[in-house]
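[1] Using only what follows, build the 3D model:
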Amino acid sequence: MLTAGLTGLMLACSAAKPDASEPAPTDSGDGGAVDTAGPEDTGESDTDPSSWHTDCPRDQAEQRMIDVGEVTLNVACRGSGPTVVFLHGFPEWHYSWNAVMDELVDEYRLIAPDQRGYNTSDKPEDVADYALPILAADITALLPLVSPEPVILVAHDWGGPVGWMVAHGSSASDERPFVGGFVAANGPHPVRFAELIETDPDQQAASSYMDFFRSELADTALTPEVLAGGFDFLSEEDLALYMEAWGQPGAIRGGLNWYRANTLDGAAATDWMALMNPTVDVPVTVLWGLDDDAVLPQNAEGLEPYAPDLVVETFEGVDHWIEHRIPGEVARAIREVHGRM
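    Residues are numbered from 1 along each chain as shown. Modelled structure (predicted):
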């Protein structure tokens with residue numbers, strides 16, 4: 001979620017370190033791997049031809065295109081061990097999680113997709129194809145393809161509603177549960193967020209930028225150069241990678257279509273949740289930077305009905321971009337959720 005910002009544009013969520021347009025070969029043996037925004041076709045097959053359960057390079061993400069049904073997603077992977085899956089928001093991509101991955105790469109296998117509409121992943125033309133239940137279905141289909149065991153799911157910004165819905169759809173009583181723990185880092189629950197948009201004047205004001213994002217004008221107004229103004233905390237090298245990802249054909253429109261397809265009204269959110277488990281029955285930790293001026297701290301309150309095993313941590317002086325600001329704290333929370341599984 002991007003606060004079209006009071007002082008300028010503020011934007012949200014994740015990605016990996018590639019040259020966003022050309023695949024480059026990966027040398028799996030000597031540490032000389034080159035990470036690109038495009039994947040390498042290794043021809044590897046597990047049970048499903050699209051599955052990818054093997055270990056990944058430590059320092060440079062390996063990337064593959066994975067067919068999840070309706071679309072094919074570009075997916076980045078680093079490390080070995082229990083699998084953690086990261087979901088980014090707008091206007092980021094998989095590389096937004098790179099600093100958190102650096103903290104965890106010696107302990108976990110780290111997976112981060114470019115979600116539908118972003119970077120080199122597929123970008124359907126129809127706005128209706130970006131409705132939250134469809135976005136959640138992409139990730140539900142992806143999880144067993146990237147791990148034979150339940151994963152730790154981590155989500156930020158728009159990744160939050162997607163992650164919550166995926167977690168609500170997985171049950172420990174399932175023959176093969178696909179989520180073992182969930183961390184929401186400034187990633188709102190869809191029902192709680194919808195409630196606040198309808199009833200909380202402060203959240204209504206904070207979300208007012210969404211009207212512009214839903215307009216056709218946003219496609220041309222939000223150029224890579226304009227988006228870059230909200231990411232002055234990135235290094236020059238990382239910002240260049242973001243610019244390349246934003247410059248992929250249709251990538252900015254694809255991200256904006258998430259806003260157009262989802263009004264986040266209470267009735268729609270309630271209807272979505274009626275089709276899922278009422279609670280997330282795995283360990284859940286919610287992290288919230290209290291200086292977030294797009295998705296307000298009230299979103300970290302009132303979550304007990306949805307998550308019986310819930311820990312909430314808040315951070316003074318941390319804004320919306322929590323995974324960039326305090327990657328060590330996000331990594332610590334992931335380890336702690338793993339310990340509660």
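
[2] Mind pulling up the pLDDT for Asp174?
    Listed pLDDT for Asp174 reads 71.

[3] For it, give its distance to Leu143.
    To Leu143, Asp174 is 12 Å away according to C-beta to C-beta, to the nearest Å. (C-beta placed from N, C-alpha, C; glycine too.)

[4] tell me the phi and psi of Val85?
    Dihedral angles of Val85 (phi, psi; degrees, to the nearest 10) stand at phi -120, psi 130.

[5] burial measure for it, as a count.
    The number of residues packed near Val85 is 26, by other C-beta atoms under 10 Å.

[6] Could you pull up the residues touching it?
    Applying C-beta atoms under 8 Å, 6 or more residues apart in numbering, we find Val85 in contact with Ile111, Ala112, Pro113, Ile139, Leu142, Leu143, Val146, Ser147, Val151, Ile152, Leu153, Val154.

[7] give me the number of residues near the closest residue to Arg253 other than its chain neighbours?
    Using C-beta to C-beta, 6 or more residues apart in numbering and skipping the chain neighbours, the partner closest in space to Arg253 is Asp219 (5.0 Å). The local packing of Asp219 (other C-beta under 10 Å) involves 14 other residues.

[8] Which helix or strand lies directly C-terminal to the strand or helix carrying Asp219?
    Assigning secondary structure by DSSP states H and E places Asp219 in helix 217-221. Using DSSP H and E, the helix or strand that follows helix 217-221 in sequence is helix 224-228.

[9] Just checking, which helix or strand succeeds that next one along the chain?
    helix 236-246.

[10] Could you tell me how far that following helix lies from the centre of the chain?
    18 Å (C-alpha atoms, centre = their mean, to the nearest Å).

[11] Output the contacting helices and strands for that helix.
    helix 224-228 (3 or more C-beta pairs under 8 Å, 6 or more residues apart in numbering; DSSP states H and E).

[12] With only the CA atoms kept, save the lowest-mean-pLDDT helix or strand in the chain in PDB.
    None of the helices or strands of the chain scores lower by mean pLDDT, DSSP states H and E than helix 266-274, at a mean of 86. Output of helix 266-274 as PDB, limited to C-alpha atoms (Å, rounded to 0.1, in the frame of the first residue of the first chain):
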ATOM      1  CA  GLY A 266     -16.600  -5.000   4.800                       C
ATOM      2  CA  ALA A 267     -19.200  -7.000   3.000                       C
ATOM      3  CA  ALA A 268     -16.800  -8.300   0.500                       C
ATOM      4  CA  ALA A 269     -14.200  -9.200   3.100                       C
ATOM      5  CA  THR A 270     -16.800 -11.000   5.200                       C
ATOM      6  CA  ASP A 271     -18.000 -13.000   2.100                       C
ATOM      7  CA  TRP A 272     -14.400 -14.000   1.400                       C
ATOM      8  CA  MET A 273     -13.800 -15.200   5.000                       C
ATOM      9  CA  ALA A 274     -17.100 -17.100   5.100                       C
END
